[in-house]
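A.B. asks: Fold the following for me, if possible:
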Amino acid sequence: MRRLGDLARMRIVAWMEANPKITQTTVAKAVGVTQAWVSRYKSGLQDADIDQMAEMARVFGHTLNELLDLRPDPRERDLLDAYRLIAEERRSVALQAVQAMAGALAPPQSKRRTRE
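C.D. replies: Predicted coordinates for the structure are as follows:
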């Protein structure tokens, strides 16, 4: 669990740095702890339980699953993080662009002849 806890801490700290409007006080209120607890958590002096991790992830618009994402390709995570930074009303345009690019890169489907 220690490694997952460290992974969660690293991501939460990164999310905090990327979202300066979300303060330690904001996170503390959502989790039900003090700002000092959040400061200690960020510095590695305090551990969080699973419910606290889930609440911290939620503050940044993520799920616990995303917080503990263990996929080996960090580009997937970066893509998801970038998508989440796009204003809600513009996300459909971004999704269409990615889908169009994926379609353009997909290998052509082989055409099978069937006997009737």
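A.B. asks: pull the helix or strand with minimum mean pLDDT from this protein.
C.D. replies: Counting by mean pLDDT, DSSP states H and E, the weakest-scoring helix or strand in the chain turns out to be helix 74-85, with a mean of 82.
A.B. asks: contacts for that helix?
C.D. replies: With C-beta atoms under 8 Å, 6 or more residues apart in numbering as the test, helix 74-85 has contacts from A18, G61, H62, E66, D69, R71, R91, A94, L95, V98. Using the backbone N, CA and C atoms, a C-beta is placed for each residue, glycine as well.
A.B. asks: Mind doing that once more with 6 Å?
C.D. replies: G61, D69 (C-beta atoms under 6 Å, 6 or more residues apart in numbering).
A.B. asks: average pLDDT for the helix or strand where R58 lies?
C.D. replies: Under the criterion DSSP states H and E, the helix or strand holding R58 is helix 50-59. Confidence for helix 50-59, expressed as mean pLDDT, is 95.
A.B. asks: Which positions within that helix qualify as buried?
C.D. replies: Within helix 50-59, the residues that qualify as buried by neighbour count (16 or more other C-beta atoms under 10 Å) are Q52, M53, A54, E55, M56, A57, V59.
A.B. asks: follow-up on the earlier one: now the least confident helix or strand of the chain: buried residues?
C.D. replies: With burial defined by 16+ other C-beta under 10 Å, the residues of helix 74-85 counted as buried are D81.
A.B. asks: Next secondary structure after it?
C.D. replies: Tracing the chain C-terminally past helix 74-85 and defining elements by DSSP H and E, one meets helix 91-105 next.
A.B. asks: pull the longest helix from the chain.
C.D. replies: Ordering each helix of the chain by length in residues (DSSP state H) puts helix 2-18 first.
A.B. asks: Which segments of the protein make up each domain?
C.D. replies: Here the domain assignment for the chain is 1-70, 72-107, based on automatic domain parsing.
A.B. asks: Let me have the buried residues of helix 50-59 in a markdown table, adding distance to T34 as columns.
C.D. replies: Compiled in a markdown table, the buried residues of helix 50-59 are given as follows (distance: C-beta to C-beta, whole Å):
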| residue | distance to T34 |
| --- | --- |
| Q52 | 12 |
| M53 | 17 |
| A54 | 19 |
| E55 | 14 |
| M56 | 14 |
| A57 | 19 |
| V59 | 15 |
